[in-house]
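Chemist: predicted coordinates and the sequence they were generated for:
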Amino acid sequence: MSLSDSLISFRNSFISPRFVQNSAGQFFSSGHTNNWAVLVCTSRFWFNYRHVANTLSVYRSVKRLGIPDSHIVLMLADDMACNHRNPKPATVFSHKNMELNVYGDDVEVDYRGYEVTVENFLRVLTGRLPPSTPRSKRLLSDDRSNILIYLTGHGGNGFLKFQDSEEISNVELADAFEQMWQKRRYNELLFIIDTCQGASMYERFYSPNIMALASSQVGEDSLSHQPDLAIGVHLMDRYTFYLLEFLEDIHPSSKTNMNDLFKVCPRSLCVSTPGHRTDLFLRNPESVLITDFFGSVRKVEITTEPKFSIHQSYSDSDP
Amino acid sequence: MAAHRCRYLACLLLLFLSVILVTMSQETTLGHEQHATAVDDPQTGAETKQTAEKPTVEEKRWEETKVKATTQASDTAVLSKTQVNEDFQEELVIRPLHSGDIYASFQFRTVWETDFMKGNKVSHYRLFPKSLGQVISKFSVRELHISFTQGYWRTMQWGQPFIPSPPGAELWVWFQDSVTDVDATWKELTNVLSGIFCASLNFIDSTNTLQPSASFKPLGIGNETDHRFLRYATLPREIVCTENLTPWKKLLPCGSKAGLAVLLKSEKLFHSSFHSQSVHIRPVCQDRQCKSSSWELRQALNVVFDLHTSGQSKREWSLFKMFSRTLTEACPLASSSKIYIDVTDNPQEEQFELSPATPLLSQAVVLGDRRTFSVYDLTQQVTFGTVRSLNLMIRWKSSEGDMLRPLLHAERYVTGYGLQTGEIHTLMYNNHPFRSFPVLLLDSVPWYLRLYIHTLKVISKGKDNNPSYIHYQPSKDRERPHLLEMLLQLPPHSVTEVTVQFERALLKWTEYTPDPNHGFYVGSSVISSLVPSTVAMETNITMEQPLFSSFFPCKEESSYFARVYTEPLLVNLPTPDFSMPYNVICLTCTVVAVGYGSLYNLLTRSFQVEEPNPGLAKRIANVIRRMRGVPPL
């Protein structure tokens, strides 16, 4: 029996309408099939070490939970690890006394230095890149992708500063997300921002299936956590520090949901009031797992009913 | 019955194969490789053995391969030859320097007899990395040299490096003559390489790309000297960090899991005075007559560890102190894996002590000098001793001895004051007592430093030194940089100074970088020359030579090729004040002045009735009356 004959018999077994309806329903209710992450640090200069440490700690968590480098677009506006002022080269620490090196030994930065601009960021999101851009610099998501977008840097009411020379406004960002929605570039989107007055950045979103978190409300400043006297700068921002602590407890099979994420860093620890927005999101946040965005967990459906068994239908039509 | 016959044949073939394996030198390693390729290749006997065990349904599908199995006997001879077609060697050279620092140079070489050109689609990659193979065939590359360097090589203190490189990133490529649009191919190639090496090579565009006419001849085989197919670019500002080392290590056949690459840990490598990693791809001859050519890929990593920062100020170095790792095995895919320690200045062990001791000694002519090396062969188990790990220790006993001054070195700096004009000085030193030799100086200056070429002066020993060849290409604003190439003869024991004045241009405000007050970089000058050597150089390229001495081809015995890079320059351009507070102060002051001034006038100004102006005749009469002292009308 040739391969083409077996394929025909396989297809024929699908003709029954009940089978098609059941399997189709099962397929489309399973949610996302792949995960992407776009992690951006927008600050330049040595005293903004903490923003690079913030981004790298989220990168580290996301890699640990399973998203591969090919699905992560990491943008760092300045180099802190090999900066000449760094007393320990090739390291970026998140905890004082140099407990945790978030830079690691296996890091791939896709956009670095002067490449981190508003234009490049929006082009990555919308996919409108010049044809010679390599794959590692593209966000090749489809309509079944869950995307995590993390931004950190200096911001204000309605804008985020890129590299001390340009800004992105909340309107531009909302429009970029709408372009992504219309081009079916995401299934669900989680937007996290750790800047001063971060909540102003998600006020203008209007596309469906977006959940947003911010480290501070409008009119409040996000504060940094702790300085390290050996390195001489503040190592992390408070919100991302407690977010990292929260994520360190998550493993690929954990069932923690978004409501726990909203509780990260209460006012007593963060000094600012973290905010979130879920009105655009179709599902109940309680049913959304952390690993839906931070990890790369695929839904595996184990079928036991003989009608749906593929091997059965194949062997039935064997001569 | 067919199944029985094929099983018998398969057993015979396996026996024959095992005999072949036993007679080959590196049995264990090659045995693994043979098995691997045997499984992949659909025409081998191993698979016919497998197919015999599969259900009868599928046997009809494999019928074609069974017929070919009868010719297996002759094919194994071909198979064993294809194993040898790809070769991987690794070596590490450690050279203690006179200042107490230590210089370590890694080289990994893969040679593959294949043809990427002529429409031959290579699909099976083993030791040669697939990403680079695809780059070569897609962009019709003949030679590719890319390097990422952090730090500046101090020739006066450290001597000459085995493979020189300028600070930042440098990329030069020779394309095949079949390429029709070299500029478009160059642009695509830089984008692809920026993705492979995680570097911002996409900033290479026409404003920093050059076409040197004489300085960068092909290092591999090829008579092509049409410099239209050569492109050279350098990014002096490019940072090197772990994100560049990670993809570089992934190109190695053993990765960073076995062999010498185990020592490449970023935390130690970047905490050094100098760090450079490079990739060189070129076609080389297989034999003396050059009947067949193969592709060579060399990955080199040079690092200089500082005595005080990495060495804790103790003149005692070991592999563990330098790399925080020791060696436990050679890369199984390597045909040779060696460590060379330069002991030329230590013949009777009076300067430093080397442990563990090794009986192997080797001499090589490199950089114009005959050097002696102690060799550790990692493919021999005895090197690792009873502890199964190798940690070389070099302990200094005395710190006497003079360093041999390098024959050629150079420096460059900017003079002048203010933000309008300046002068670039390039100094080249010839330290040979009685021989003069020619050098090719390649200077590339960005368009925003407008060179006044009529002020170009070359002075050696107080007299004008006229270059025998000059190639100058003036810059075009925002399109291409200045290119100056000169062939100069350096008189013996002298300093040659090349000076040229320039004027700084004012950029458009969108062309400034986000941190313009840092300054703008001017790439290093490249000085290529044939330096006279003290011993006869090896001109036979196919002889068995250690990797570090066979990088630059040698055409004649009396001199060796050396390339020296100067420092990059950092120049301040007139920069507008982008700072927010300044603009805010200006605006606020203007508003306050206009607003307050108007309000003040409104409140304090009082209106008075004024008599209308008298006619002209009356005015003249009043003037005359004033002169006479009489009261006016």
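Modeler: Alright, I've got the coordinates. Just so it is clear, the model here is predicted, and its values are computed rather than measured.
Chemist: ok, which residues in chain A are in contact with chain B?
Modeler: Contact residues (Cβ under 8 Å from any Cβ of the partner chain) of chain A with chain B: A:1-2, A:44-45, A:79, A:81-82, A:88-91, A:103-115, A:130, A:132-137, A:163-165, A:318. Heads up, the C-betas are built off the backbone N, CA and C, glycines and all.
Chemist: give the buried subset of those as a PyMOL selection command.
Modeler: Per 16 or more other Cβ atoms under 10 Å in any protein chain shown, the buried members of the residues of chain A next to chain B correspond to this PyMOL selection:
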select buried, chain A and resi 44+79+81+82+89+90+91+103+104+107+108+109+110+111+112+113+114+115+133+134+136+137+163+164+165
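Chemist: quick one: which of the residues of chain A next to chain B sit in helices?
Modeler: Among the residues of chain A next to chain B, the subset assigned to helices under DSSP state H is empty.
Chemist: find the closest residue to chain A in the stretch 401-550 of chain B.
Modeler: At 4.1 Å from chain A, residue B:514 is the closest residue in the stretch 401-550 of chain B, using Cβ to the nearest Cβ.
Chemist: that residue contacts residue A:44, correct?
Modeler: Yes: contact criterion Cβ atoms under 8 Å: residue B:514 and residue A:44 qualify, at 5.8 Å.
Chemist: between the two, which contacts overlap?
Modeler: Each of A:163, A:164 lies in contact with both residue B:514 and residue A:44 under the rule Cβ atoms under 8 Å, 6 or more residues apart in numbering or on different chains.
Chemist: show me the strands in the stretch 51-200 of chain B, by range?
Modeler: B:86-96, B:102-112, B:141-150, B:168-175 (DSSP state E, counting those that start in this stretch).
Chemist: the stretch 201-319 of chain A too?
Modeler: Ranges of strands in the stretch 201-319 of chain A, per DSSP E, counting those that start in this stretch, are A:210-214, A:275-277.
Chemist: pLDDT score assigned to the residue lying closest to residue B:222 once chain neighbours are set aside?
Modeler: Excluding the flanking residues, the one nearest residue B:222 by Cβ to Cβ, 6 or more residues apart in numbering or on different chains is residue B:142, at 6.2 Å. At residue B:142, the pLDDT value in this model is 92.
Chemist: same question, residue B:366
Modeler: For residue B:366, the model assigns a pLDDT of 85.
Chemist: contacts only, for the nearest residue in space to it that is not next to it in sequence.
Modeler: Counting by Cβ to Cβ, 6+ apart, residue B:366 lies nearest to residue B:549, which is 4.1 Å off, once chain neighbours are set aside. Each residue near residue B:549 by Cβ under 8 Å, 6+ apart is listed here: B:364, B:365, B:366, B:538.
Chemist: what sits against the residue of the stretch 401-550 of chain B closest to chain A?
Modeler: A:44, A:114, A:163, A:164, A:165.
Chemist: my reading is that it lies in a helix. Confirm?
Modeler: No: counting by DSSP: H, G, I helix; E, B strand; the rest coil, residue B:514 is not found in a helix; it is coil.
Chemist: follow-up on the earlier one: of the contacts of residue B:549, which is the nearest to residue B:488?
Modeler: residue B:366 (25.7 Å; Cβ to Cβ).
Chemist: how close does that closest one sit to chain A?
Modeler: Using Cβ to the nearest Cβ, to the nearest Å, residue B:366 is found at 30 Å from chain A.
Chemist: could you identify the helix or strand that succeeds the lengthiest helix in chain A?
Modeler: The residue-count maximum for a helix in chain A (DSSP H) belongs to helix A:49-64. Sequence-wise, the next helix or strand downstream of helix A:49-64 (DSSP states H and E) is strand A:72-76.
Chemist: find the nearest non-adjacent residue to residue B:530, please.
Modeler: Distances taken as Cβ to Cβ, 6+ apart put residue B:559 closest to residue B:530, at 4.2 Å, once the chain neighbours are dropped.
Chemist: isn't that neighbour right next to residue B:534, touching?
Modeler: No: Residue B:559 is beyond contact range of residue B:534, at 10.5 Å (criterion: Cβ under 8 Å).
Chemist: check contacts around the residue nearest to the spatial centre of chain B.
Modeler: By Cα atoms, centre = their mean, the mean C-alpha position of chain B lies nearest to residue B:147, the distance being 1.6 Å. For residue B:147, the contacting residues are B:163, B:165, B:166, B:169, B:170, B:171, B:276, B:277, B:278, B:279, by Cβ under 8 Å, 6+ apart.
Chemist: could you dump the residues you listed to TSV with neighbour count?
Modeler: Below are the contacts of residue B:147 laid out as TSV (neighbours: other Cβ atoms under 10 Å in any protein chain shown):
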residue	neighbour count
B:163	20
B:165	24
B:166	24
B:169	27
B:170	25
B:171	24
B:276	24
B:277	24
B:278	20
B:279	22
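Chemist: those in helices, which ones?
Modeler: Among the contacts of residue B:147, no member lies in helices (by DSSP H).
Chemist: going by distance to residue B:360, which of these wins?
Modeler: residue B:163 (24.1 Å).
Chemist: and the closest one, how far is that from residue B:199?
Modeler: Relative to residue B:199, residue B:163 is positioned 18 Å away (Cβ to Cβ, to the nearest Å).
Chemist: quick check, residue A:123 in contact with residue A:137.
Modeler: No: at 9.6 Å, residue A:123 does not count as touching residue A:137 under the criterion of Cβ under 8 Å.
Chemist: need the overlap of contacts for these two.
Modeler: The contact lists of residue A:123 and residue A:137 share residue A:129, where a contact means Cβ under 8 Å, 6+ apart.
Chemist: list the residues that contact residue B:238.
Modeler: B:148, B:168, B:169, B:199, B:200, B:201.
Chemist: please name the residues that touch the last one.
Modeler: Under the criterion of Cβ under 8 Å, 6+ apart, the neighbours of residue B:201 are B:169, B:171, B:190, B:191, B:193, B:194, B:235, B:238.
Chemist: repeat that with 6 Å
Modeler: Applying Cβ atoms under 6 Å, 6 or more residues apart in numbering or on different chains, we find residue B:201 in contact with B:190, B:193, B:194.
Chemist: and the closest residue to the last one other than its chain neighbours, backbone torsions?
Modeler: If you skip the residues right next to it in sequence, residue B:194 has residue B:201 as its closest partner in space, 3.8 Å away by Cβ to Cβ, 6+ apart. In terms of degrees, to the nearest 10, the main-chain angles of residue B:201 are phi -70, psi -10.
Chemist: still on that earlier bit, let's have the contacts of residue B:514 in a markdown table, adding distance to residue B:248 and pLDDT.
Modeler: A markdown table is the format used below for the contacts of residue B:514 (distance: Cβ to Cβ, whole Å; pLDDT from 0 to 100):
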| residue | distance to residue B:248 | pLDDT |
| --- | --- | --- |
| A:44 | 26 | 92 |
| A:114 | 22 | 93 |
| A:163 | 27 | 91 |
| A:164 | 31 | 85 |
| A:165 | 31 | 88 |
